[in-house]
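Visitor: Model the structure of this input:
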Amino acid sequence: MHETTLLQRIRTDEAWALVERFTALERVSGSPGEDEAACYIHDRLASLGVPHQVFRPQLYLSIPREATVRCSVGGADSGSIIEMPAKTPSFSISTASGVPSGGDGFVRGRAVYVPAGPAAGITDLFAGQDVAAGAGGALDLTGRIVLTDGLPMPARVRDLEQRGAAAAVFISPGERIHESICTAVWGTPDLVTHDRRPRIAVASVCSSDGDILRETIAGPEGDRAELGVRTRLDESWYECPLVVAEIPGKRWPDEFVLLHGHLDSWHVGIGDNAVGNAAMLEIARVLWESRDSLDRSVRIAWWPGHSTGRYAGSTWYADAFARDIYRNCVVHLNCDSPGCRWATAFHDLTVMAETDSLAHGAVRDAAGLPAEGAMPERAGDLSFSNLGVSTLFMLSSTMSLEDRQQRGYYAVGGCGGNIGWHTEDDTLEIADRDNLLRDTRVYALAVWRAANDRIHPLDFRATAAQLNYLIGDFAESLGQLMDMGPARQAAAELARSVNQLYRQQVVPAQSAGATDDLVQACNAKLRRIGRVLVNLLYSRDGRYRQDPALPVPPLPELDAVRRALQGGEVDHGFLRTEVVRALNRIVGAVDEVLEIVNA
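Guide: The predicted structure follows:
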């Protein structure tokens, strides 16, 4: 079947029906609304004849219930008291659960304001900001209640906790308070990570209330200002529905493409992520109808536990099916917030070097638009990097930067740039039926090409070139600590060998005369190369664990050394030891790739 026929078969009837149905459901993970949403998808897949399973894993979630912030001048029993509504992020401690506080459940302390600049885009947003590196970095926060700007992202909360803050109050950039999650633990905690959950109370207030708090602290009696934070959350194990459809391929059914997005939401969550659920359902319908033309299998997964479990659903799947994913997954695509209003640009895409051409080609050919991609953030159900699986997209289309500025919007992490993201305002008007059709076609085309191209559309020549560049860049800043020559030589040899692999094996295997055995052998090499390089570039904690939900830049060990060197507070002997181990990992990974290439 030609790609044009595939794109023509996509329509919005099925998808829009799901969007409208989900307007009546609040799909917080572990709730009846999430169950009802999963049942709807199950029923529609069954009606369409699409093979699927419904798993019910036990996930560890933190569900916010209520929060209050109180400001007093002159003590809680005298002077003026201001009390304002607030929201608490998932995995804040609950002051109603044995945390030292007053009899009314408030954690109290002297107030200090630590300013922070607004996020310029999704990279800044997901990374958070290291408060210690910004304004107020020299302040002693021990026992203080910190008032600061922005969203309670894990890096921000962790930094405040490590500096001794008793609690933190974040000022939302708008009048709606955005729901969020503040733990750096990725997925359900284990014996190694469960003690890394936040240990301070965290809350957010709206922009205008934040102005009042700022003015109070900056006023003549600001040195007597006290903040109190009261939070209530339910943190426990919840059985959650996880739906996975599988359309089997005809030629190489064991190999599969994984398309996924989160089922749960904050409030009704139409732009984040009912539209993604709808797009995936429509793609399942079209691929099932076109299954006789599908070479590889396609799995489509609707994850629970995204919002209140820090990607607990996708992490459970990565754990439960690790061996199959490691051996057979070609690429994974996250479908979050497609088809939102005013979303006319594709400048917030996630791509790895090897998936850049696949992503740009799908946007160009299905939407007729240019695209801009950046390296993956540690966000968006990116739960397969430790297993070494390449990825693309994460988010979908968004409004242009010019449009965002004209509307006076700030950066958010979905909803096509609409600031209803993670608020009660994320309702039906956030969705755009025409944009949903366009974006569904983009995802469908990328999935189709990954499933049907004879040779996986993964260009590891670009990844080798990226590694070569990164090592050269690190050599300039870290050469004083260690001779980077062996790593530079290894990277250069990797580039030569991978380019030779494509010339001598990949290109011939792409020809119509190549046998299926040759194609399979070549693709198996590409997947194995990806397992090594993706793991090397984007993870630190090993193949079968998850890195924290904190920024993970390419070659994270060397990046950590460079940051420590810039900070100037770490013994150079420790830094040299870290560099030696990081270089051993790089050279060992290159040796492993060379063995794969030459096998």
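
Visitor: Quick check: phi and psi on Gly164?
Guide: phi 100, psi 0 (degrees, to the nearest 10).

Visitor: go on, Gly413?
Guide: phi -100, psi 30.

Visitor: Glu377 is in contact with that one, correct?
Guide: No. Between Gly413 and Glu377 there is no contact under CB atoms under 8 Å: 9.2 Å. Every C-beta, even on glycine, is put in place using the N, C-alpha and C of the backbone.

Visitor: When these two are compared, which one has more neighbours?
Guide: Remark: of Gly413 and Glu377, Gly413 carries more neighbours, 24 against 21, as counted by other CB atoms under 10 Å.

Visitor: Check the gap between the more buried one and Ser397 for me.
Guide: 14 Å (CB to CB, to the nearest Å).

Visitor: Touching, Lys397 and Cys340? I think so.
Guide: Residue 397: Ser, not Lys. Yes. Assessed by CB under 8 Å, Ser397 is found in contact with Cys340 at 7.2 Å.

Visitor: give me the low-pLDDT residue ranges for the stretch 51-200 of the chain?
Guide: Along the stretch 51-200 of the chain, the model assigns pLDDT under 70 to residues 74-79, 97-102, 118, 120, 122-138.

Visitor: Double-check that Gly187 belongs to a helix.
Guide: No. Looking at Gly187 with DSSP: H, G, I helix; E, B strand; the rest coil, it is coil, so not inside a helix.

Visitor: Now the spatially closest residue to it that is not a sequence neighbour: which helix or strand?
Guide: Ranked by CB to CB, 6 or more residues apart in numbering and with sequence neighbours excluded, the top spatial neighbour of Gly187 is Thr315, at 2.8 Å. Assigning secondary structure by DSSP states H and E places Thr315 in helix 312-320.

Visitor: before we move on, the earlier item: overlap in contacts of Ser397 and Cys340?
Guide: Shared contacts of Ser397 and Cys340, defined by CB atoms under 8 Å, 6 or more residues apart in numbering, comprise 416, 435.

Visitor: Leu242 is in contact with Gly313, isn't it?
Guide: Yes. Leu242 lies in contact with Gly313 (CB under 8 Å); the separation is 5.4 Å.

Visitor: Chain neighbours aside, what residue packs nearest to Pro57?
Guide: That would be Trp316: by CB to CB, 6+ apart, it lies 4.5 Å from Pro57.

Visitor: Look up how far Pro198 lies from that neighbour.
Guide: Distance of Trp316 to Pro198, computed by CB to CB: 22 Å.

Visitor: distance between the ends of stretch 294-311?
Guide: For stretch 294-311, the first-to-last residue distance is 30 Å (CA to CA, to the nearest Å).

Visitor: Check stretch 196-212 too.
Guide: Using CA to CA, the end-to-end distance of stretch 196-212 comes out at 33 Å.

Visitor: Identify each buried residue in it, please.
Guide: Using 16 or more other CB atoms under 10 Å as the test for burial, stretch 196-212 gives 197-198, 200-206, 209-210.

Visitor: Spell out which residues are contacts of both of Leu242 and Gly313.
Guide: 57, 263, 303-304.

Visitor: can you give me the strands in the stretch 151-300 of the chain?
Guide: Using DSSP state E, counting those that start in this stretch, the strands of the stretch 151-300 of the chain run over residues 167-171, 201-205, 225-239, 242-247, 252-262, 296-303.

Visitor: Let me see the ranges of the helices in the stretch 251-400 of the chain.
Guide: 275-289, 312-320, 322-328, 356-367 (DSSP state H, counting those that start in this stretch).

Visitor: Name the residues of the shortest one that are buried.
Guide: The neighbour-count check on helix 322-328 (16+ other CB under 10 Å) flags 325-326, 328 as buried.
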